[in-house]
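Visitor: compute the structure for the input listed below.
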Amino acid sequence: MADHSIEEAKRKAATRAVEDHFDPSATYIGIGSGTTIVYVVEAIKERSTNPNIRFVPTGYQSRQVIVKAGLTPIAFDSLPEDAVLDVAFDGADEVDEDLNCIKGGGACLFQEKLVAERARKFVCVADYRKDQPRLLTNWPSIPIEVAPISAHTVIHSLRQLGSANPRVRENLLPKAGPLKTDQDFFIVDAPFPALLTTADVAAGAAAGDGTGGSWEVERLSREIGLITGVLEVGLFCGLDGVQAERLRGEGRSTAGKLGGQRPVAVYFGMQDGSVKVRTAPARG
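Guide: The predicted model follows:
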């Protein structure tokens, strides 16, 4: 019964998100990974009357979902240089009250971030279990994609940053060895204490720079990203696509990114059958 309730919550959240953000006249749409995205694609299929839309998957699994639905996939690296996705739909492993996300439980975080940052807006769809006040409340660790040769060095550096027991993720069958991503990289899962939001730091809760073990989300994401051998960090934070577009319009740099990695909205399917929609506080 519990599993049925969770799947129904995912379906309702996906349906509502597609109703609010799917445009039948779109050119390119990003499709993320995970079980919730199956319901997103189903909802799009029901509403799509435009055979010319191209769907950009974040990995092998999401491409299969697109193909099975009779929609047309296009590889990320086949997009025209100046093309921007109209919207990207994806799930999350955990979302805090500022809409920062942990992603990478399914080992697709690098391609998920590529797609999110190429979209005008990233819309996140999840069930009620993912809705938490701070990241690393229930989800145990930050997924980090690393070059296999660097795994031990990265783990040592993560310990220096305060991660208690970072580990290379293994396949479900231990004899198969470490799990490999679509890039043939490893995933290191790094536990940290619950992460602070920018509001926590502004309110004086802590400096957020690792002192006393307390990290703010964006600060920790930057620090991990600086470790040699790290391809990408499973923290989706910072600007969202709307904010990035506004900054570009004002002539302010967004580091060459077309969009942002933080969602503009998260749709949580709730236990009572309702859908809770959260949008992020405004930023400069």
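
Visitor: can you show me the helices along the stretch 151-284 of the chain?
Guide: For the stretch 151-284 of the chain, the helices defined by DSSP state H, counting those that start in this stretch cover 151-161, 198-202, 217-225, 241-249.

Visitor: between those, which gets nearest to Lys121?
Guide: helix 241-249 (4.4 Å; Cβ to Cβ). Every C-beta, even on glycine, is put in place using the N, C-alpha and C of the backbone.

Visitor: list the buried residues for that closest one?
Guide: In terms of neighbour count (16 or more other Cβ atoms under 10 Å), helix 241-249 has its buried residues at 241-245, 247.

Visitor: keeping just the C-alphas, turn that helix into PDB.
Guide: What follows is helix 241-249, C-alpha atoms only, in PDB (Å, rounded to 0.1, in the frame of the first residue of the first chain):
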ATOM      1  CA  GLY A 241      17.400  29.500 -15.300                       C
ATOM      2  CA  VAL A 242      15.200  32.600 -14.900                       C
ATOM      3  CA  GLN A 243      17.800  34.300 -12.700                       C
ATOM      4  CA  ALA A 244      20.600  33.400 -15.200                       C
ATOM      5  CA  GLU A 245      18.700  34.800 -18.100                       C
ATOM      6  CA  ARG A 246      18.000  38.100 -16.200                       C
ATOM      7  CA  LEU A 247      21.700  38.500 -15.400                       C
ATOM      8  CA  ARG A 248      22.700  37.900 -19.000                       C
ATOM      9  CA  GLY A 249      20.200  40.500 -20.000                       C
END
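
Visitor: distance from it to the middle of the chain?
Guide: With Cα atoms, centre = their mean, to the nearest Å as the basis, helix 241-249 stands 19 Å off its chain's centre.

Visitor: go on, stretch 159-172?
Guide: Relative to the chain's own centre, stretch 159-172 is displaced by 20 Å; criterion: Cα atoms, centre = their mean.

Visitor: same question for stretch 111-127.
Guide: Centre-to-centre, stretch 111-127 and its host chain are 6 Å apart (Cα atoms, centre = their mean).

Visitor: mind checking the end-to-end distance for it?
Guide: One end of stretch 111-127 to the other measures 22 Å (Cα to Cα, to the nearest Å).

Visitor: state the mean pLDDT of that stretch.
Guide: The pLDDT scores in stretch 111-127 average 97.

Visitor: which residues are in contact with stretch 60-79?
Guide: 28, 31-34, 37-38, 41-42, 44-45, 48, 51, 53-57, 106, 108, 111, 114-115, 118, 182 (Cβ atoms under 8 Å, 6 or more residues apart in numbering).

Visitor: now do the strands in the stretch 51-200 of the chain.
Guide: 54-57, 87-90, 94-95, 101-102, 122-127, 142-146, 167-168, 186-190 (DSSP state E, counting those that start in this stretch).

Visitor: partner strands of the longest one and their direction?
Guide: Right, strand 122-127. Strands that pair with strand 122-127, judged by DSSP bridges, come out as strand 87-90 (parallel), strand 265-269 (parallel).

Visitor: wait, which of those strands is closest to Ala147?
Guide: The nearest among the strands paired with strand 122-127, by Cβ to Cβ, is strand 87-90 at 24.2 Å.

Visitor: what about that closest one, distance to the chain center?
Guide: 10 Å.

Visitor: which residue ranges make up the domains of the chain?
Guide: Listed domain ranges for the chain are 2-133+237-279, 142-234 (source: automatic domain parsing).

Visitor: buried deepest among the ones you listed, which one?
Guide: Among these, domain 2-133+237-279 has the highest mean neighbour count (mean count of other Cβ atoms under 10 Å), at a mean of 20.

Visitor: what are the contacting residues of the lengthiest helix in the chain?
Guide: Looking across the chain with DSSP state H, the single longest helix is helix 2-21. With contact meaning Cβ under 8 Å, 6+ apart, helix 2-21 is reached by 35-37, 39-40, 42-44, 47, 87, 89, 121, 123, 125-129, 265, 267-271, 273-275, 277.

Visitor: can you list the low-confidence ranges for this protein?
Guide: The model of the chain has pLDDT under 70 over residues 1-2, 175, 253-257, 281-284.
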